[in-house]
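>>> Here is the input, now give the coordinates:
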Amino acid sequence: MSASKKKLVLIFPPFTNVTAPPLGVCMLKGFVERTLPDWSVKVHDLNLDIHERIFSAVARGPIANSSIEGPLKEIALSRAADVFRGKNDQEFYTRPDRYTVYGNLFLELIDQQTLDFTAAVKSAFLSEERMPPLIEEYAEIILKENPEAIGVSLCFSQQLWVALCLAKVLKRRTKAKIIFGGAHFTAEIDQFMDRFANVIDYIVEGEGEMALVKLLKGEDPASIPGVYFMSDMVHSSTPKFEPKIDIFGHPDFSDLDLRAYFSPEPVLPVLTSRGCYWRKCTFCVHYLSSGFSYRQHTVAHIVEQLQGYVKMGIRHFSFIDEMISPHAFKDLADGILKAGLDIHYYALAKPVKQFDRQLLEKIYASGCRYILWGMESANERVLGLIQKGTETENVELVFQTAQKVGIHNHVYIICGFPTETKEEWMETLRFLQKNGGAISSIHRSPFSLEKDSPIYKAPEKFSITKVWSLGDTITDGRFRFECSSGMTRDEMNDIFMKSMPFLRAFNVYSPRLGNFRDHALLLYAKHGRALDPSKRVLPPLPFEYAEAEVLISSLLQQDSLSL
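Residues are numbered from 1 along each chain as shown. The predicted structure follows:
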């Protein structure tokens, strides 16, 4: 590298999923270095780093303030990191009992560390206390690069306070411009900029590639679409979205050790499109970061990218599009098959009738081993409120057909959509029970009211009579609400928790399989039809909850699967 090159450091802060590398910062690295030959880019995945530090501490002995106590749990926790990183394939692939223990302990520890560390950095930021030593250490790592600009990519709210504290320390010690961006920024960006202008120079709304390049070139920020900055007041402009996204090129993962992530084999994220082709679901805000647009990469571009990864010895992928339409899925599968790629992948889609047997067989032949279907509900009235554009009759047919051709079905549902009744929720559970032989995992969550979602903007259409915040809406964004009909929030929480034993039992390998999507792909790729959901015993519907708990407990005590 030429010494005369300017340096951009890109940061992906903790805490979030650590089974695969972050895509956004690697896309930016690739685009900036191809576009600006006088700049070099260094990516630091601090999310991976902090996970490595946590498990290194576990290996040295009990972690202070940890709820995980006792030598057996500590040994199992230390083994969890090793097994998840490919040091014991036998335990990962053939011992669901141990995988479950490892998954439980892994998540318990990380959840606790996330809460504790986030609380510590938030307190330090707000009270002007001394920053935690790790924040200072991260700042030192970044400053050793001698950057002229520092980019911070935020996808999730739990990354926010770590990012702000790091920016605060860096601002004291460098004149490098600090630029925030990422999918987290969909609402109240001007207020966020106004509040944190002392530690942030710019916030980029929407796609980061073009705006970042223009900032690095020194163009007037007031002329760059999507850039927020502070002078005497917050200045911003509407982001512009590039229609031909192939020009952004391929991501550059070269700064990261792809085999250091917590999966036995690398599972790389691939984005075949930007935005959502549907853009009508009333609870959703994901499309906001793409400006209500939907743009696809050409199949040639995607295939070229996959071919490059295969040459590197990587054959497992997660297509992380908001949803892949039936037509786009057909084109993608055709391209993979034509190129003769021997790969495995999973993707997200909506279960509509266009996913017929012919298409699903082609998708399976191209390497797809499971699809996470956005079902949300099996009640037609609730689906109408969601504006999902699906019908339960077609959903059932898609699930049954996909299972027959060898594709595992993961199903996402929401409990407590505004005005949903207990009986309507039970209708969804009965649908799942009826189709249990075709479902390998249930992903579930209580309904969450998101700022700037269609429901938030027009609450009266959903019988919402009151909305209030649980905290600071700029940094938190969580809201509570009351409806004039349907379950109360307390009733929803109660029935949701009582449904959990039933829902967890769908996970065909382990109750924790739904928490580790990349692991699910590796297991399905390894075992294929041997993990047949039709052979699994489901507990009763959540009327007799104690009985369900007993049954699930007995299932978890099975020593191994016949694989």
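
>>> Distance across stretch 213-230, terminal residue to terminal residue?
Start-to-end span of stretch 213-230 (CA to CA, to the nearest Å) is 19 Å.

>>> in it, what counts as buried?
Using 16 or more other CB atoms under 10 Å as the test for burial, stretch 213-230 gives 213, 214, 215, 216, 221, 224, 225, 226, 227, 228, 229, 230. Where you see a C-beta, it was placed from the backbone N, CA and C, and this is true even at glycine.

>>> Out of those residues, which sit inside strands?
Counted as lying in strands by DSSP state E, out of the buried residues of stretch 213-230, are 227, 228, 229, 230.

>>> Is the third one in contact with residue 205, as I believe?
No - the pair residue 229 and residue 205 fails to qualify as a contact (CB atoms under 8 Å) at a distance of 11.6 Å.

>>> Name the residues contacting each of these two.
Both residue 229 and residue 205 are in contact with residue 236, where contact means CB atoms under 8 Å, 6 or more residues apart in numbering.

>>> related to what we said a few turns ago, out of the buried residues of stretch 213-230, which is nearest to residue 494?
residue 228 (41.8 Å; CB to CB).

>>> Run through the residues that contact the closest one.
By CB under 8 Å, 6+ apart, the neighbours of residue 228 are 189, 190, 193, 202, 203, 204, 205, 234, 235, 236.

>>> Produce a PyMOL select command limited to the buried residues of these.
The PyMOL selection below is limited to those of the contacts of residue 228 classed as buried (16+ other CB under 10 Å):
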select buried, resi 189+190+193+202+203+204+205+234+236
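
>>> Can you flag which of the contacts of residue 228 belong to helices?
189, 190, 193 (DSSP state H).

>>> could the contacts of residue 228 go into a markdown table alongside distance to residue 134 and pLDDT?
Formatted as a markdown table, the contacts of residue 228 follow (distance: CB to CB, whole Å; pLDDT from 0 to 100):
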| residue | distance to residue 134 | pLDDT |
| --- | --- | --- |
| 189 | 28 | 92 |
| 190 | 31 | 93 |
| 193 | 26 | 95 |
| 202 | 25 | 98 |
| 203 | 25 | 97 |
| 204 | 26 | 96 |
| 205 | 29 | 94 |
| 234 | 31 | 89 |
| 235 | 34 | 93 |
| 236 | 33 | 87 |
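
>>> Quick one: the contacts of residue 228 as a markdown table, columns for distance to residue 400 too.
Shown next, in a markdown table, are the contacts of residue 228 (distance: CB to CB, whole Å):
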| residue | distance to residue 400 |
| --- | --- |
| 189 | 44 |
| 190 | 49 |
| 193 | 50 |
| 202 | 51 |
| 203 | 47 |
| 204 | 44 |
| 205 | 42 |
| 234 | 53 |
| 235 | 55 |
| 236 | 49 |
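
>>> Pick the one among the buried residues of stretch 213-230 closest to residue 317.
residue 213 (27.1 Å).

>>> Please verify my assumption that the closest one contacts residue 30.
No - counting by CB under 8 Å, residue 213 stays clear of residue 30, with 11.8 Å between them.

>>> Pick out whichever of the contacts of residue 228 sits closest to residue 89.
residue 204 (41.5 Å).

>>> so who does the closest one touch?
By CB under 8 Å, 6+ apart, the contact set of residue 204 is 179, 180, 181, 185, 211, 212, 215, 226, 227, 228, 239.

>>> Apply 6 Å and report the result again.
Going by CB atoms under 6 Å, 6 or more residues apart in numbering, residue 204 touches 181, 211, 226, 227.

>>> Look up the closest residue to it, ignoring the ones flanking it.
residue 181 (3.7 Å; CB to CB, 6 or more residues apart in numbering).

>>> Same check on residue 259?
residue 266 (6.0 Å).

>>> Please verify my assumption that that neighbour contacts residue 256.
No - using CB atoms under 6 Å as the test, residue 266 is too far from residue 256 to be in contact (10.0 Å).

>>> These two: which is more packed in?
Set residue 266 next to residue 256 and count neighbours by other CB atoms under 10 Å: residue 266 wins out with 24 against 19.

>>> Kindly provide the distance from the more buried one to residue 370.
18 Å (CB to CB, to the nearest Å).

>>> try residue 6
Counting by CB to CB - residue 6 and residue 370 are separated by 43 Å.

>>> Looking at the two now, which is surrounded by more residues?
More crowded of residue 6 and residue 370, by other CB under 10 Å: residue 370, with 23 against 14.

>>> what's that one in contact with, if anything?
Contacts of residue 370 (CB under 6 Å, 6+ apart): 346, 408, 410, 524.

>>> Neighbour-wise, give me the winner out of the residues you listed.
residue 408 (28 neighbours).

>>> Would you mind confirming that that residue is in contact with residue 440?
Yes - counting by CB under 6 Å, residue 440 is a contact partner of residue 408 at 4.0 Å.

>>> Mark out where each domain of the protein begins and ends.
1-238, 265-456+486-556 (automatic domain parsing).

>>> Columns distance to residue 462 on top of these, output as a markdown table?
Shown next, in a markdown table, are those (distance: least, CB to CB, whole Å):
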| stretch | distance to residue 462 |
| --- | --- |
| domain 1-238 | 19 |
| domain 265-456+486-556 | 4 |
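
>>> For residue 471, which of these is the nearest?
That would be domain 1-238 among the domains of the chain, by CB to CB, at 11.0 Å.

>>> roughly how far is that closest one from the heart of the chain?
Centre-to-centre, domain 1-238 and its host chain are 14 Å apart (CA atoms, centre = their mean, to the nearest Å).

>>> so which helix or strand takes in the residue nearest to residue 378 when sequence neighbours are not counted?
Leaving aside its sequence neighbours, residue 378 sits nearest to residue 431 (CB to CB, 6+ apart; 3.5 Å). Under the criterion of DSSP states H and E, residue 431 resides in helix 422-434.

>>> what comes up buried for that helix?
424, 425, 426, 427, 428, 429, 431, 432, 433.

>>> Also stretch 485-496?
Buried residues in stretch 485-496, counting neighbours by 16+ other CB under 10 Å, are found at 486, 487, 492, 495, 496.

>>> The strand or helix carrying the fourth one: what's the following helix or strand?
Pointing back at residue 495 there. Assessed by DSSP H and E, residue 495 sits inside helix 489-504. Counting by DSSP H and E, the next helix or strand C-terminal to helix 489-504 is helix 517-527.

>>> what's next to that next one, contact-wise?
Where contact means CB under 6 Å, 6+ apart, the residues beyond helix 517-527 that reach it are 19-20, 93, 263, 265, 267, 316, 344, 346, 369-370, 408, 509, 513, 563.

>>> pLDDT averaged over stretch 401-420, what's the number?
Stretch 401-420 shows a mean pLDDT of 98.

>>> and for that stretch, what are the contacting residues?
Counting by CB under 6 Å, 6+ apart, 357, 360-361, 364, 370-376, 382, 399, 425, 428, 438-444, 446-447, 462-464, 483, 485-487, 492, 496, 524, 529 sit against stretch 401-420.
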